[in-house]
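Novice: structure of the sequence below:
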Amino acid sequence: MKALEMVGQRTTPGNSSFFFANLCVAYRFAAAALILLIFNPRRLQKLTRSEFRQGIGIGLFGACGLVLQMDGMAYTHASTCAFLTQGYCVWLPIWFALRHRRWPAGIVLAASALVLLGGAILAGVDLRHLRLGRGEWETLAGSVMFTGQILWLERPEFRGNDVIRFSWVMFVTLALVTFPVAALTAHEFTHVWSAFQSPYALGLLAILVVPCTLVAFLLANRWQPEVPATEAGLLYSTEPVFTSAVSLVIPAWISVWSGVNYPNEHLTPNLLIGGGLILTAIVMLQLHAARTHPSGSST
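Specialist: Next up, the predicted model:
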């Protein structure tokens, strides 16, 4: 997505990162929805009311979370945004406690604390200077929306819904919400159509649409309901670890192919320590689940 924005800035200069982020989301999810429609027309004709509700809910929570997160980045440091986005590691245990009138297992709380500490180190956040301004509040609100997305997906009433059908509704919803935001924030309205017309932009979009949208979201939508929401939130928190890891290699490859100046990031103590804490928390949680629930039931 960062490389796509750099290519877009070269084609249509003067636009904000907020415009490119929303336009990227709109295009990638619209394209994903179109592909599902082309390859599954008869299957989508059997869309049920329950699948429509599930897809709309996931899409709205996800779109609102993305818009809040992206606008928040304009008013705070990227590192602070990355750290606060992991707020669902706090919101999910709180939701569990309120719903079940008891705290989650101690191992879950310990893993959540490790993830938050690792996230702060990984992002390089100085908690002594953390202030809650517009950007921070918007990012926290976005993390609440992502929490809602996780919880909506696993609602018992949606058990048995077809993952292709409700994911298609989700993709369409995300595209419909973010496209008007991109259009309203464009430097010129024609940039909505011309920003990503270059072969390099289309190639990057293809990567985002197939493995990063179709494959990733269909897998998540299918398998996330099989684990407790608190555990799912912790598993999702590994995203910045893998992002940091691939950033050590992939940007230079993209630069050679697309002609943008996007250097690799460097291996830092923050990545080793912060990422190590996050992965340790996940391993602890999985080992505990394997010992106490060998049949795969909820922790």
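
Novice: going along the chain, name the helices of the stretch 1-150 of the chain.
Specialist: 2-11, 17-39, 41-45, 49-72, 78-85, 88-100, 106-123, 134-153 (DSSP state H, counting those that start in this stretch).

Novice: so Phe189: helix, strand or coil?
Specialist: At Phe189 the chain is in coil, as set by DSSP: H, G, I helix; E, B strand; the rest coil.

Novice: what about it, neighbour count?
Specialist: Residues within reach of Phe189, counting by other CB atoms under 10 Å, total 9. C-beta coordinates here come from the backbone N, C-alpha and C atoms, glycine included.

Novice: for Ser237, find the nearest of the helices of the stretch 1-150 of the chain.
Specialist: helix 106-123 (4.8 Å; CB to CB).

Novice: correct me, but Ala123 touches Thr85?
Specialist: No - taking contacts as CB atoms under 8 Å, Ala123 lies outside contact range of Thr85: 9.4 Å.

Novice: re earlier: so for Phe171, which of the helices of the stretch 1-150 of the chain sits nearest?
Specialist: That would be helix 17-39 among those, by CB to CB, at 3.8 Å.

Novice: coming back round to it: any idea which of the helices of the stretch 1-150 of the chain gets closest to Asn270?
Specialist: Among those, the nearest to Asn270 by CB to CB is helix 106-123 (5.5 Å).

Novice: average model confidence for that closest one?
Specialist: Here helix 106-123 scores 89 as its mean pLDDT.

Novice: what packs against it?
Specialist: Helix 106-123 makes packing contacts with helix 78-85, helix 88-100, helix 229-236, helix 239-246, helix 269-292 when contacts are defined by 3 or more CB pairs under 8 Å, 6 or more residues apart in numbering; DSSP states H and E.

Novice: redo those as JSON lines? Include mean pLDDT and distance to Arg43.
Specialist: Converted to JSON lines, the helices and strands packed on helix 106-123 look like this (pLDDT from 0 to 100; distance: least, CB to CB, whole Å):
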{"stretch": "helix 78-85", "mean pLDDT": "76", "distance to Arg43": "34"}
{"stretch": "helix 88-100", "mean pLDDT": "88", "distance to Arg43": "31"}
{"stretch": "helix 229-236", "mean pLDDT": "89", "distance to Arg43": "26"}
{"stretch": "helix 239-246", "mean pLDDT": "85", "distance to Arg43": "30"}
{"stretch": "helix 269-292", "mean pLDDT": "88", "distance to Arg43": "33"}
